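**Student:** have a look; sequence and predicted model below, questions after that.
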Amino acid sequence: MELTNGVKEYLDEIVKKDTNFLVLIYGSSATGHSNNSSDLDIFVLGTFESSFRRSIVVDGRELEINYTDILSIESLIDKSIKDNNSYYESLFNNNIVLKDTEMFVDRYRDYIRTAKSILKSEPRKMPMRNKYLLYSLYRDFRKYEDLYSYFNFLDEIRMTYSYMNNYSTLNVSKVYDMYNDYVRATQDYCLSLPSEEFISHFDSSIRNPLDKYELEYLMKSVGYDPLTIVREYDFFNYIDNQRKKSILIHMNKMITRAIRMLVENNTYMDYVYHVLLNHLYRFFEEIYGSVTEEFLCVFDSAKQEMNNYSKIEFLKQLFSLLEGKYAFDYKNYTLYFR
């Protein structure tokens, strides 16, 4: 891994601070899968008023730095295990150590191993929220039989299946890479993936859209019965400015990945594109309370678009409408977590 002098100097300043006890490089730069467009992921454990995430560009390279307060690290690890999120397990198992004052890497690697053995989870029942989402998405699919409703129903099956069987949380834009490289997913990112049979049927359903045989298998995998009517579920969530900022940062990165997949003509690009359209619509409602006519007009056109480069322009336009007055520098920001 090559770093410019400017990046090295910036990292040296982080390492030198007495209040920073552990400094790691992790992610693709630590596992050898980075490329020219990859972020440099850095984890800092120290004494802070609250944990926060910062993005900053140094010598043209984007640094994503996760500053974590030492008093909260164990509770964060516990929550990640409970949520089937492998972030901390991957971080402490695959890294480049820049500073470790008290063997924290070994300590938390052992802590995670012990915690996982204690918190072994049995299969879970499908939550009411997921039941309603599957019901409403399947209803839309039967009504329209278009790619938008199909791929969003498919993704909700994947998410529900992972939740019920305690598999790792997986962002839609990373499904292709992880499902098609089992060794990298399980060793480098410590992910717990579904069975090869499920992945095979899911992959086939992506490559052969609207295939009713594959869809029937996936529906059975979560025990979904299309004849069962589910009552409406209230999705109201209070949203503050920090939540809005977090959503926009997340969506900005998702759109960047989706654009890359569309340019590369990736096999999963239509799946990611249509699921991302749904996220944009849902987050617009969450931030503003309702969808505007302008947004809906662009959104409806985006769902029907077939040309990849036109899809890219629609994603950019929808995101511009989503961020509205909240626009800020996505390459240089600080986001606090309490």
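**Tutor:** Done, it's in.
**Student:** mind giving me the packing neighbours of the lengthiest helix in the chain?
**Tutor:** Using DSSP state H to assign secondary structure, the helix with the most residues in the chain is helix 241-263. Helix 241-263 makes packing contacts with helix 269-288, helix 308-323, strand 333-337 when contacts are defined by 3 or more C-beta pairs under 8 Å, 6 or more residues apart in numbering; DSSP states H and E. Glycine gets a C-beta too; all of them are placed from N, C-alpha and C.
**Student:** got the residue ranges for the helices in the stretch 1-150 of the chain?
**Tutor:** Secondary structure of the stretch 1-150 of the chain (DSSP state H, counting those that start in this stretch): helices at 5-16, 28-31, 73-82, 87-93, 104-118, 128-144, 147-164.
**Student:** most packed of the helices and strands packed on helix 241-263?
**Tutor:** With neighbours defined as mean count of other C-beta atoms under 10 Å, the helices and strands packed on helix 241-263 peak in mean count at helix 269-288, which reaches a mean of 20.
**Student:** which other helices and strands contact it?
**Tutor:** Counting contacts by 3+ C-beta pairs under 8 Å, 6+ apart, helix 269-288 packs against helix 147-164, helix 175-179, helix 241-263, helix 293-304, helix 308-323.
**Student:** most tightly surrounded among those?
**Tutor:** helix 147-164 (a mean of 21).
**Student:** dump that one to PDB, restricted to CA.
**Tutor:** Included here for helix 147-164 are C-alpha records, laid out as PDB according to Å, rounded to 0.1, in the frame of the first residue of the first chain:
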ATOM      1  CA  LEU A 147     -38.300  -4.300 -12.700                       C
ATOM      2  CA  TYR A 148     -38.700  -1.700 -10.000                       C
ATOM      3  CA  SER A 149     -41.300  -3.600  -8.000                       C
ATOM      4  CA  TYR A 150     -39.600  -7.000  -8.700                       C
ATOM      5  CA  PHE A 151     -36.100  -6.000  -7.500                       C
ATOM      6  CA  ASN A 152     -37.400  -4.300  -4.400                       C
ATOM      7  CA  PHE A 153     -39.500  -7.300  -3.500                       C
ATOM      8  CA  LEU A 154     -36.400  -9.400  -4.100                       C
ATOM      9  CA  ASP A 155     -34.200  -7.300  -1.900                       C
ATOM     10  CA  GLU A 156     -36.700  -7.300   1.000                       C
ATOM     11  CA  ILE A 157     -36.700 -11.100   0.800                       C
ATOM     12  CA  ARG A 158     -32.900 -11.000   1.100                       C
ATOM     13  CA  MET A 159     -33.000  -8.700   4.000                       C
ATOM     14  CA  THR A 160     -35.700 -10.600   5.800                       C
ATOM     15  CA  TYR A 161     -33.900 -13.900   5.200                       C
ATOM     16  CA  SER A 162     -30.700 -12.500   6.700                       C
ATOM     17  CA  TYR A 163     -32.500 -11.200   9.700                       C
ATOM     18  CA  MET A 164     -34.400 -14.400  10.400                       C
END
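**Student:** report the angle between the axes of it and helix 269-288?
**Tutor:** 80 degrees (axes from the mean of the first three to the mean of the last three C-alpha atoms, to 10 degrees).
**Student:** how about the residue nearest to the spatial centre of the chain: what's its closest non-neighbour residue?
**Tutor:** Per C-alpha atoms, centre = their mean, the C-alpha nearest to the average position across the chain is that of Asn171, at 3.2 Å. Of all residues not flanking Asn171 in the chain, Met254 sits nearest, at 7.4 Å (C-beta to C-beta, 6 or more residues apart in numbering).
**Student:** need the contact list for the closest residue to Leu276 other than its chain neighbours.
**Tutor:** In this structure, Leu276 finds its nearest non-sequential neighbour in Ala258, 5.2 Å apart by C-beta to C-beta, 6+ apart. The contact partners of Ala258, by C-beta atoms under 8 Å, 6 or more residues apart in numbering, come to Ser173, Met269, Val272, Tyr273, Leu276, Leu315.
**Student:** if we can go back for a sec, looking at the helices and strands packed on helix 269-288, which is nearest to Arg231?
**Tutor:** helix 147-164 (17.3 Å; C-beta to C-beta).
**Student:** how far away from the center of its chain is the closest one?
**Tutor:** Mean-position distance between helix 147-164 and its chain equals 15 Å (C-alpha atoms, centre = their mean, to the nearest Å).
**Student:** got the angle for that helix vs helix 128-144?
**Tutor:** 160 degrees.
**Student:** helix 147-164 vs helix 293-304, what angle?
**Tutor:** Going by the same axes, to 10 degrees, helix 147-164 makes 90 degrees with helix 293-304.
**Student:** any idea how far Ile287 lies from Lys131?
**Tutor:** According to C-beta to C-beta, to the nearest Å, Ile287 and Lys131 sit 26 Å apart.
**Student:** remind me which residues of this structure are low pLDDT?
**Tutor:** By pLDDT under 70, the weakly predicted segments of the chain are 233, 235-238.
**Student:** can you list the domains in this structure?
**Tutor:** When the chain is parsed with automatic domain parsing, its domains come out as 5-118, 128-221, 241-329.
**Student:** need those domains in CSV with distance to Glu232, can you?
**Tutor:** Formatted as CSV, the domains of the chain follow (distance: least, C-beta to C-beta, whole Å):
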stretch, distance to Glu232
domain 5-118, 26
domain 128-221, 7
domain 241-329, 15
